[in-house]
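Novice: Everything below, folded, please.
(chains A and B)
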Amino acid sequence: MMTINTIENGIVIDHIRAGYGVEIFNYLGLDKVDYTVALIMNVNSKKQGKKDIIKIENEINFDLSELGLIDPDVTINIIQNHTITKKLKLNLPKVVENVIKCKNPRCITSVERHLTHVFYLVDEKKGVYRCKYCDEKYALRNRV
Amino acid sequence: MIKNRHLIDPMDFSTEEIDKLLSLSEQISKNPENHSKKCSGKILGSLFYEPSTRTRLSFESAMMRLGGQVIGFSEANSSSVSKGESIADTIRTVACYADIVVMRHPKEGAPKVASMYSDVPVINAGDGGHQHPTQTLTDLLTIRTVKGSLNNLKIGYCGDLKFGRTVHSLIKALSRYPDNEMHLISPKELKIPDYIKEEILDKQSINYFEHEKIEECINDLDILYMTRVQKERFFNEEDYIRLKDTYILDNEKMKKGSDQMIVLHPLPRVNEIAYEIDNDPRAYYFKQAKMGMYVRMGLISMLLGVC
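Specialist: Reported below is the predicted structural model:
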């Protein structure tokens, strides 16, 4: 049995689909920080079978909404004085900028490099986004 | 209010706004001379980054018939684009000289980008295989003028339903009017994309049927909308050659259609409508091209607020 200490102040990203923890870890740039972080993979879970968890010992100021693009089912626990003070479920962001890149070779973003890549959420249930400029579809892989 | 707005997507205007625009265009078509000075002193910037006969001439003619003038270019090579200028910079410059801009561009979303940086109204005159809203307005005006309404119609779309932007836009536009039934006629390889079915037809509970032969539904149609298999949308010439002559509408097939059915085509045609059909009173595609000019006159007038 592996033991990982509870954290005093910070956040715990729980219920990450097994295998997606590394991606979130890298997305948040946690490999470069100097405070304590833990990525725990393949934890037994009654609900999910296996899950990943990330613990961050710091009062961080990340925009967590975009994590929904990697795994919309994660739970964010805010910890203060060893206690969970807030539990957040992620909603898919309505608009994402420069996170999803349009892959349509006919899209104007393929030639005008200064343009911000913007995708709008068009189907929350299926996790479908469309490019602001050319309507190219982007479907979240764990939804559709 | 349409004044000072952009038209990038056919859905940018509500059905009420479209109805108002079509009414004005119909009025213009009946008495164009009453509108011949409406745009006096106004300039249309005509930015065509790829070749176009119909759309460009139709826009330029529309502006001239309204008493306005036209500046611009008809191919990217003759503009600063060939020096690598961005759309954002081009439009900001042209907007200093023109009161309204029309843009055709091979890249999808280019007119949208232009509208983001323009102080004057921008009209999308076709962006790659994406949108062509003034063709949709043309189709709607023709249908409304001939059929008297945009409701309760049986419309057959035939040919390239996969890449055909005019078909996608018209399906979207007519889905907003009640009781329309759609018949989608295409070879398997050029079927309508799933997203049109899922996000438009299914979502709005539109009755639709898919066919591989015109004969399967032609006797039931009010409108037969023919399209060309577009060579420029294929990456592979072999596929184009194999599919280009799948549907040829001829007298034999037309015999099965009702007397009230009309045939539309966004033009240019290649082989899909035999020349023998041109004299059939149900062939409306050249009248449709004229409607295109009237609807552009209506559109320019409304965007400039001179109607």
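
Novice: ok, now which ones touch the most centrally placed residue in chain A?
Specialist: Of all residues in chain A, the one closest to the mean position by Cα atoms, centre = their mean is A:Leu67, 1.7 Å from it. Applying Cβ atoms under 8 Å, 6 or more residues apart in numbering or on different chains, one finds that A:Leu67 lies in contact with A:13, A:24, A:27-28, A:74, A:76, A:90. (C-beta placed from N, C-alpha, C; glycine too.)

Novice: Am I right that it falls within a helix?
Specialist: Yes: counting by DSSP: H, G, I helix; E, B strand; the rest coil, A:Leu67 is found in a helix.

Novice: which one is A:Gly68 nearest to, not counting chain neighbours?
Specialist: Among residues not flanking A:Gly68 along the chain, A:Leu90 sits closest, at 4.1 Å (Cβ to Cβ, 6 or more residues apart in numbering or on different chains).

Novice: Just the closest of the contacts of A:Leu67 to B:Thr138, please.
Specialist: When the contacts of A:Leu67 are compared for distance to B:Thr138 (Cβ to Cβ), A:Leu90 wins out at 45.0 Å.

Novice: Pull the contacting residues for that closest one.
Specialist: Counted by Cβ under 8 Å, 6+ apart, A:Leu90 has contacts A:64-65, A:67-68, A:72-74, A:76.

Novice: Write the ChimeraX selection for whichever of these are buried.
Specialist: Selecting only the buried entries of the contacts of A:Leu90 in ChimeraX, with 16 or more other Cβ atoms under 10 Å in any protein chain shown as the criterion:
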select /A:64,67,68,72,73,74,76
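
Novice: Chain B: which of the contacts of A:Leu90 is nearest?
Specialist: Nearest to chain B out of the contacts of A:Leu90 is A:Pro72 (Cβ to the nearest Cβ; 20.0 Å).

Novice: Run a quick neighbour tally on residue 27.
Specialist: Picked chain A for this. Per other Cβ atoms under 10 Å in any protein chain shown, the neighbour tally for A:Tyr27 reads 15.

Novice: try again with chain B
Specialist: By other Cβ under 10 Å, 15 other residues sit near B:Gln27.

Novice: and if you look at the one 10 residues further on?
Specialist: B:Lys37 sits with 12 neighbouring residues when counted by other Cβ under 10 Å.

Novice: for it, phi and psi?
Specialist: Per-residue torsions, B:Lys37: phi -120, psi 10 (degrees, to the nearest 10).

Novice: Over to A:Gly49?
Specialist: Per-residue torsions, A:Gly49: phi 80, psi -70 (degrees, to the nearest 10).

Novice: which residues in chain A form helices?
Specialist: Assigned by DSSP state H, the helices in chain A fall at A:21-27, A:67-70.

Novice: What residues sit buried inside the first one?
Specialist: I take that to be helix A:21-27. Neighbour-count burial for helix A:21-27 [16+ other Cβ under 10 Å]: A:21, A:24-25.

Novice: And the residues you listed, which is closest to chain B?
Specialist: Ranked by distance to chain B (Cβ to the nearest Cβ), the buried residues of helix A:21-27 are led by A:Ile24 at 29.1 Å.

Novice: List the residues that contact that closest one.
Specialist: The neighbours of A:Ile24, taking Cβ under 8 Å, 6+ apart as the test, are A:13, A:16, A:52, A:54, A:67, A:70-71, A:74.

Novice: repeat that for 7 Å
Specialist: Neighbouring residues of A:Ile24 by Cβ atoms under 7 Å, 6 or more residues apart in numbering or on different chains: A:13, A:16, A:54, A:67, A:70-71.
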